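[1] got a predicted structure here, sequence first:
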Amino acid sequence: MEAVDLIKGSVKLATLPEVFIKINEMVDDPSSSASDIGRFISQDPALTARLLKIANSPLYGFPSKIDTVSRAITIIGTRGLRDLILATSVINNFSHMPSEQLDIHAFWSHSLYCGVLARLLAAKCNALHTEPFFVSGLLHDIGQLIILNKLPEMSRETQLRANDGAVPLHEAEQEVMGFDHAKVGGELLRDWRLPETIIDATEFHHEPSKAELSPLGASIVHIADVIAVNVEMDENSKEEDYIVAKADPVAIAVTGVTELIIEDIKEEAAVQFSAAIELFLPKAV
């Protein structure tokens, strides 16, 4: 079995709504203008309201109110809005998985925190567009949900090995299945026809040195993941170079991230994370 085998055929859990598929096509179609995309989004009142709520949240911190989709497109861009629609669609589709093995709220909380951190780190690295980094951070562990759904027994075995503390989860997955959740996530995003840079960042977030198309994306998501795990474990930098020491040296070299940069974004990350939880996670989760 290979990772792609989990994606083939009908993956009910992993289908995306038609509105995202259409917008994704329009964004990549040179003949579709920003006005065309705005008109299409505006036909869906619920989606419009959700996007405007996100655009006016502390996640962006714009000084003036954004009250139309066309205004949101002007400020965030068509690709940025496409990425936000993807984020809300994926969380809505994957937030109701009944499982004794996985705390789905904790899963998405970690994913959102990684997305927020990745977006802030990308800005510090002077990335031209930061939304793809948010999406990459948000989706970096999505393969775990596919493995849980398709191979529940193997998923349980890998979780047990990881919880014993002997090896990280992705290494336990390699031992048990021959591939890990990062690879499965990459195959899923490839099936969804997402940009190759987002696929690359997701697929290689544990091994950023192997990322060819988006070494910066993979490196940023890797560092965001390390920061998030550290904060969630409440270990809070007992050493001056704690995060940098934990992260892959390749990721540090590619990004130029330092402990000062990490400390600089933590406060803003906390504010944006609180906003992201309120915006993206359904109350029922």
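    Received, thanks. Owing to the predicted nature of the structure, the values given are computational and were not obtained by experimental measurement.
[2] switch to C-alpha atoms for all contacts and neighbour counts from now on
    Will do.
[3] any idea which helix or strand comes after the helix or strand of the chain with the lowest mean pLDDT?
    Across the helices and strands of the chain, mean pLDDT, DSSP states H and E gives its lowest value to helix 242-246, namely a mean of 83. Next along the chain after helix 242-246, taking DSSP states H and E as the criterion, comes helix 249-255.
[4] for the helix or strand just after that next one, buried residues please.
    Heading C-terminal from helix 249-255, the first helix or strand you meet, by DSSP H and E, is helix 259-280. Buried residues in helix 259-280, counted by 16 or more other CA atoms under 10 Å: I262, A269, Q272, F273, A275, A276, I277, L279, F280.
[5] got it, and stretch 43-61?
    Buried, per 16+ other CA under 10 Å, within stretch 43-61: L47, T48, L51, L52, I54, A55, N56, S57, L59.
[6] looking at those, which are in helices?
    L47, T48, L51, L52, I54, A55 (DSSP state H).
[7] hang on, isn't the first one packed against I41?
    It refers to L47. Yes - using CA atoms under 8 Å, L47 is in contact with I41, at 7.1 Å.
[8] can you give me the strands for this protein?
    Taking DSSP state E, the chain contains no strands at all.
[9] domain parsing of it, as residue ranges.
    14-94, 99-285 (automatic domain parsing).
[10] ok, the residue most central in space within the chain to R119 distance?
    Closest to where the C-alpha atoms of the chain average out (CA atoms, centre = their mean) is L138, at 1.6 Å. Taking CA to CA, to the nearest Å as the measure, L138 falls 10 Å from R119.
[11] got it, and D28?
    Where R119 is concerned, D28 sits at a distance of 22 Å (CA to CA).
[12] one more: R82?
    From R82 to R119 the distance is 16 Å (CA to CA).
[13] show me what contacts the residue nearest to E2 when sequence neighbours are not counted?
    In space, and not counting its chain neighbours, E2 is closest to F179: 7.1 Å by CA to CA, 6 or more residues apart in numbering. Counting by CA atoms under 8 Å, 6 or more residues apart in numbering, F179 makes contact with E2, A3, E173.
[14] what sits up against stretch 38-50?
    By CA under 8 Å, 6+ apart, stretch 38-50 touches I23, V69, S70, I73.
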